[in-house]
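Chemist: Using only what follows, build the 3D model:
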Amino acid sequence: MELRQLRYFLVVAEELHFGRAAERLHITQPPLTVAVRRLEHELGVQLFDRTTRRVSLTPAGHAFRDRIQSAVAYLDGAAGEVADVAAGRSGKIRVGFVSSASYTTVPEAIRTFRQQRPRVDLVLNPLTSGEQIEQLLDGNLDLGLVRDPGDIPGLDIELLSTEDLVVVLPEAHPLAGSAEIRPQDLEGEPMILFPYRLMPGFVSRVLRVFEPLTTPPTVVQQAIHQETVLGLVAAGLGISVLPESVRRFNMPGVTTRPLLGRPQTELHVARGPGRHPAADDFIACLKGGTLAAS
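Modeler: Predicted structure coming up:
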């Protein structure tokens, strides 16, 4: 018994006329008649009473129609849903992001994506770059917004944006009034930074700024999120170096100053081995694009 046979039967049961049913199905009448007779043979019952004047359902035909209508509708719905998922029109996409992206790139992308792909469930996970890379490789994330990742085997990585690194200082710091800060101005300063294992690329980029110094800043405290780093700087525990977008926080008690030479940090979007159909659409939103209608 084939699904095609069941669909043919339901159309004939609705039309009660083989000619009209064939027209609806865009086939000729002989193969439709053959398909229905084959179905009757497989079931071992007569589904239709046929005369030269009319076609009607037998009691067995009525019972069979009532039982299979919902099943065929369910299968048709499942097929449509699978097609929508494959085309990126529905389903679920899991996205990780570093804290700095939560107030720059991510909010507008989420608004655009939800407006244009309302049937795709967007699951957002605030994670460090290291955590995202691990989950992408394990298949637990579809996309990740990571800082300064470098080349990672098994991941497709694309640059989204660059921004300057800035020095974050307590408001009362002697350098707080400087127009620009040289790396050597920070020799021996206590510094607050992310743990290397969680943000390896970003931490390496910051430490490279101070490589030429005889006495580079000393990491005295580690914190996972930018908000925590800012709070520790405001408390006077040390200075930090963060992406320029941190200025949007307006954290009381801290000030930011540009670094000489304007060293930069990069925000990338990373994809794991199993590419989700909606991934390209979300990346287009991250880039400020408009999705094609579907």
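Chemist: The stretch 101-250 of the chain: strands as residue ranges?
Modeler: Counting by DSSP state E, counting those that start in this stretch, the segments of the stretch 101-250 of the chain that form strands are 120-126, 143-147, 156-170, 190-193, 218-222, 240-243.
Chemist: weakest of these by average pLDDT?
Modeler: The weakest mean pLDDT among those belongs to strand 120-126, with a mean of 92.
Chemist: Restrict that one to CA atoms and write it as CSV.
Modeler: What follows is the C-alpha trace of strand 120-126 in CSV, where atoms were taken according to Å, rounded to 0.1, in the frame of the first residue of the first chain:
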residue,chain,number,x,y,z
VAL,A,120,12.6,29.4,13.4
ASP,A,121,13.3,29.0,17.1
LEU,A,122,16.4,31.1,18.0
VAL,A,123,18.2,29.6,21.0
LEU,A,124,20.8,32.1,22.4
ASN,A,125,23.6,31.0,24.6
PRO,A,126,26.0,33.6,26.2
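Chemist: and it, how far from the chain's centre?
Modeler: On the basis of CA atoms, centre = their mean, to the nearest Å, the separation between the geometric centre of strand 120-126 and that of its chain is 6 Å.
Chemist: on that earlier part again, can you put the strands of the stretch 101-250 of the chain in TSV and add distance to Val45 and mean neighbour count?
Modeler: Quick note: C-beta positions are derived from backbone N, CA and C, even for glycine. Formatted as TSV, the strands of the stretch 101-250 of the chain follow (distance: least, CB to CB, whole Å; neighbours: other CB atoms under 10 Å):
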stretch	distance to Val45	mean neighbour count
strand 120-126	44	15
strand 143-147	54	27
strand 156-170	56	18
strand 190-193	77	22
strand 218-222	75	15
strand 240-243	73	26
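Chemist: does Ile224 really touch Arg197, like I thought?
Modeler: No - Ile224 is not in contact with Arg197 according to CB atoms under 8 Å; the separation is 10.9 Å.
Chemist: Have a look at the two and say which one is more surrounded.
Modeler: The residue with the greater number of neighbours, taking Ile224 and Arg197 and applying other CB atoms under 10 Å, is Ile224; the counts read 16 against 10.
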